[in-house]
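Enquirer: sharing a model that was predicted from the sequence below.
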Amino acid sequence: MGHAPKSITLGEEHRAGPEIRALGSKASVVGVSGVALAAILSFGGFLGGSPEHFFKSWLFAFLTILTICMGSLFFVMIQHATKAGWSASIRRMAEHVTSNLQWIWILFLPFFFLVLVGDGGKVWHWMDPAHVDPIIEGKAGFLNVPFWTVRAVIYFVVFFAASKFFVGTSVAQDASGDPRLTLKMQKWVPGFIVLFALSLTFAAFDWAMSLEAHWFSTMFGVNLLAMSFCGFFSLFCVMTFVVQRQGKMLNEVTQEHWQDMGKLLFGLGIVFHAYIGFSQYMLIWYANIPEETTWYLARVAGPWAPWMWFLVFGHFFVPFVLLLTKHTKRCKPVMTAIAVWMLLAHAVDVYLLIMPTVPAEALANASDWADFAAGARSGSIDVGYQPQLTDLLLLIGFFGFLVSGICRSMTKAPLVAARDPRISEALAFENM
Amino acid sequence: MTTLPDFIRPVTEGETVTEAPAVEKAGWGLMAEFDTPAQIMAAAKSARQQGFRWWDTHTPYPVHGLDKAMGIKPTILPLLVLGGGATGLVSGFILQWFTNATSFDFWALVPIRGYDFLISGKPLLSTPAWIPVMFELTILLSAVGCVTWLLILCGLPQLYHPTLRSSRFARATDDRFFLVIESKDPKFHPERTRAFMESLNPMSIETLED
């Protein structure tokens, strides 16, 4: 009370040091070598690698980091939409993640290329004319390659524009200190939220849900949003920890802010995520309609079942209990450890969204649950269960790209929006 | 005009009356009034250092850090809420399990019997279908428990409090900050406590009557 500084004079502790720069270059090396190794394994056919698996694995790694960046954009936009004061001193850290949405489309280029040469069916089966059946034909008005491509371009334009606008305006305020920039962002943010919500939802439909084009869920978009929360708020804690370890941002991100970052991870990334995930599961389980249950049967009956149980306990129960009390949320090392764990759980979550395949014929022919489960476990029924080194290499590689992108953004702009008009409110923020 | 009780003899003419020595009335407690949150913070710190135990501060709005300065122990309310939530979770399960998946009966004022409900071919013990009810009961008992325990722990509703007799105290809801030390505090002493309060430079000091 009354001891917090009222304003920030930018100094060394608000700028990325040589450690960040070094981390950034190391991360790019990890990124390039991870992807290169994965490509060698897959296209050389080593350790069971195949180009088909490579592209699906690429989609998994891409969505893992894209959700994190989308989560950060949503966080930044909500702060403007609600005129939040408490977060003014931590918002820039999120903006450093958001800025990655300006280049992330590059990682999607292989898919554009794949679609252009007519091989899109290797990832999205509905693109392959050989797989077209009456159901997919009925969806052709939406699920066709030209429209799909145009939509993908629109999503990336929205992500790029939103990221450029919010990060750019915030950084411009560092120089001018003009409060009108804050008002400008407040004025435009509702429109951007609508565009963002549509882009995220339809990106989820186009890239993840259409992997099994017979199946559908209207909750799929919000499910991806919940995953974005989990991924971003976990990374938020980890990156803040790393930056503070270097003696930076110690007065700007206080224990009070940590508690709120923990609350957001707890409330949105863990509870909301479980709420949405379970709601989708329960509605399908209860109705028990064959065309709807296939997607879950492939995931809960065979070799994917332990992975699903991992999500139930590792993504929900254990972190839920750990984060119930404020004491864990206010303890930086504990919070960071949980956040690292949640990043892992987030990757497994995306993996389970992308990799399993639904064996429609085997499901139609199976006499009962046990019959199908035994077939899926023995491998005679293919549910897409082939975890490979490629998956891990691409995941690590893409995280390398993300970390390097964050570090590069940090070297360009300060770690705190020092001249935000609400900065004094953020510095004096207290929970209790 | 008050009539004297008949055991009191009226003073006769020429009789000298010796006045009783003035005794400082202890009352219910002493109240000091302050103008700024910084002053009440300092006052709370000093009162704590003096070792008082039966005392409180009254402010128009939550003053951050005041509870720390006063040395208030962390509340057990979160644990009680957790208990409420756990009760809701377990009772939600038992309620549905007994009414949907059992067939035994027992006597609780009236005979109560479970019934095996087979619903759309689902197993009798269908946890996924029960989770919404378990979830809602968890929320309900947490929330109701939280409010109820809060009232109990705060001793509410409380219809009367000695501070309310002070006309100055009305400004505790507007712009003034009050430190109140109760006379039942073992360290309380009418003069010394008043002297301590004076050392804090308050705007006024008042004796509160019960």
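Expert: On my side now, so go ahead. Numbers count the residues shown, from 1 in each chain, chains lettered A, B, ... in the order given.

Enquirer: drop to CA atoms for contacts and neighbour counts, all remaining ones
Expert: Noted.

Enquirer: for chain B, what are the nearby residues on the stretch 251-400 of chain A?
Expert: Taking CA under 8 Å from any CA of the partner chain, the part of the stretch 251-400 of chain A that reaches chain B is made up of A:282, A:286.

Enquirer: where does pLDDT dip in the chain?
Expert: With no chain named, the answer covers chain A. For chain A, the stretches with pLDDT under 70 are A:1-5.

Enquirer: if you could check chain B rather than the one you did, that'd help
Expert: Ranges of chain B meeting pLDDT under 70: B:1-5, B:8, B:17-26.

Enquirer: mind listing the helices for it?
Expert: For chain B, applying DSSP state H gives helices covering B:37-49, B:66-70, B:77-101, B:127-154, B:190-199.

Enquirer: what sits up against the shortest one?
Expert: It stands for helix B:66-70. B:41, B:44, B:45, B:47, B:48 (CA atoms under 8 Å, 6 or more residues apart in numbering or on different chains).

Enquirer: from the residues you listed, list the buried ones, please.
Expert: B:41, B:44, B:45, B:47 (16 or more other CA atoms under 10 Å in any protein chain shown).

Enquirer: quick check on whichever residue of chain B sits closest to chain A: phi, psi?
Expert: When scored by CA to the nearest CA, chain B has residue B:64 as its residue closest to chain A, at 5.6 Å. Reported as degrees, to the nearest 10, the phi and psi values for residue B:64 are phi -60, psi 130.

Enquirer: do you know how far it is from residue A:376?
Expert: Relative to residue A:376, residue B:64 is positioned 59 Å away (CA to CA, to the nearest Å).

Enquirer: neighbour count winner among those two?
Expert: residue A:376 (23 against 17; other CA atoms under 10 Å in any protein chain shown).

Enquirer: count of residues packed around residue A:288?
Expert: Neighbours around residue A:288, by other CA under 10 Å: 15.

Enquirer: any figure for the gap between the residue nearest in space to the middle of chain B and residue B:148?
Expert: By CA atoms, centre = their mean, the mean C-alpha position of chain B lies nearest to residue B:154, the distance being 2.1 Å. Using CA to CA, one obtains 10 Å as the distance from residue B:154 to residue B:148.

Enquirer: ditto for residue B:163
Expert: Taking CA to CA, one finds residue B:163 at 25 Å from residue B:148.

Enquirer: try residue B:122
Expert: Where residue B:148 is concerned, residue B:122 sits at a distance of 39 Å (CA to CA).

Enquirer: and if you look at residue A:342?
Expert: Residue A:342 is 35 Å from residue B:148, by CA to CA.

Enquirer: higher neighbour count, these two?
Expert: residue A:342 (26 against 14).

Enquirer: just give the closest residue to that one, not the sequence neighbours.
Expert: residue A:234 (6.1 Å; CA to CA, 6 or more residues apart in numbering or on different chains).

Enquirer: am I right that that neighbour is in contact with residue A:343?
Expert: Yes: Residue A:234 lies in contact with residue A:343 (CA atoms under 8 Å); the separation is 5.9 Å.

Enquirer: if I look at the two, which residues touch both of them?
Expert: Counting by CA under 8 Å, 6+ apart, no residue touches both residue A:234 and residue A:343.

Enquirer: of all the helices of chain B, which one is nearest residue B:170?
Expert: helix B:37-49 (16.7 Å; CA to CA).

Enquirer: for that closest one, the distance to its chain's centre please.
Expert: Relative to its parent chain, helix B:37-49 has a centroid offset of 21 Å by CA atoms, centre = their mean, to the nearest Å.

Enquirer: and if you look at stretch B:201-208?
Expert: Worked out by CA atoms, centre = their mean, stretch B:201-208 lies 24 Å from the chain centre.

Enquirer: tell me where the stretch 101-250 of chain A has strands.
Expert: Per DSSP state E, counting those that start in this stretch, the stretch 101-250 of chain A carries no strands over any range.

Enquirer: which one is residue A:397 nearest to, not counting chain neighbours?
Expert: Here the residue nearest residue A:397, using CA to CA, 6+ apart, is residue A:31, at 3.7 Å.

Enquirer: tell me if I'm right that the one you found and residue A:396 touch.
Expert: Yes: contact criterion CA under 8 Å: residue A:31 and residue A:396 qualify, at 6.9 Å.

Enquirer: more crowded one of the two?
Expert: residue A:31 (23 against 20).

Enquirer: next up, the contacts around that one.
Expert: A:396, A:397, A:398, A:399, A:400, A:401.

Enquirer: can you give the contact residues for the strand or helix carrying the second one?
Expert: This points to residue A:397. Element membership of residue A:397 [criterion: DSSP states H and E] is helix A:389-412. Applying CA under 8 Å, 6+ apart, the contact partners of helix A:389-412 are A:15-17, A:20-21, A:23-35, A:37-39, A:41-42, A:47, A:49, A:54, A:57-58, A:60-62, A:64-65, A:96-97, A:99-100.

Enquirer: hang on, residue A:425 is in a helix, isn't it?
Expert: Yes: with DSSP: H, G, I helix; E, B strand; the rest coil as the criterion, residue A:425 is part of a helix.

Enquirer: what about it, how many neighbours?
Expert: Neighbours around residue A:425, by other CA under 10 Å: 19.

Enquirer: residues from chain B in reach of chain A?
Expert: Within chain B, the positions near chain A by CA under 8 Å from any CA are B:63, B:64, B:65, B:128, B:129.

Enquirer: give me the buried subset of these.
Expert: Among the residues of chain B next to chain A, those buried by neighbour count (16+ other CA under 10 Å) are residue B:64.

Enquirer: can I get the residues of chain B next to chain A in TSV including distance to residue A:202?
Expert: Below are the residues of chain B next to chain A laid out as TSV (distance: CA to CA, whole Å):
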residue	distance to residue A:202
B:63	47
B:64	45
B:65	47
B:128	29
B:129	30
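
Enquirer: please verify my assumption that residue B:194 contacts residue B:30.
Expert: Yes: at 7.3 Å, residue B:194 counts as touching residue B:30 under the criterion of CA under 8 Å.

Enquirer: who's more crowded, the two?
Expert: The neighbour comparison of residue B:194 against residue B:30 (other CA under 10 Å) goes to residue B:30, with 23 against 19.

Enquirer: list the contacts for the residue nearest to residue A:111 when sequence neighbours are not counted?
Expert: Using CA to CA, 6+ apart and skipping residues adjacent in sequence, the residue nearest residue A:111 is residue A:120, 7.2 Å away. Listed by CA under 8 Å, 6+ apart, the contact partners of residue A:120 are A:111, A:114, A:127, A:128.
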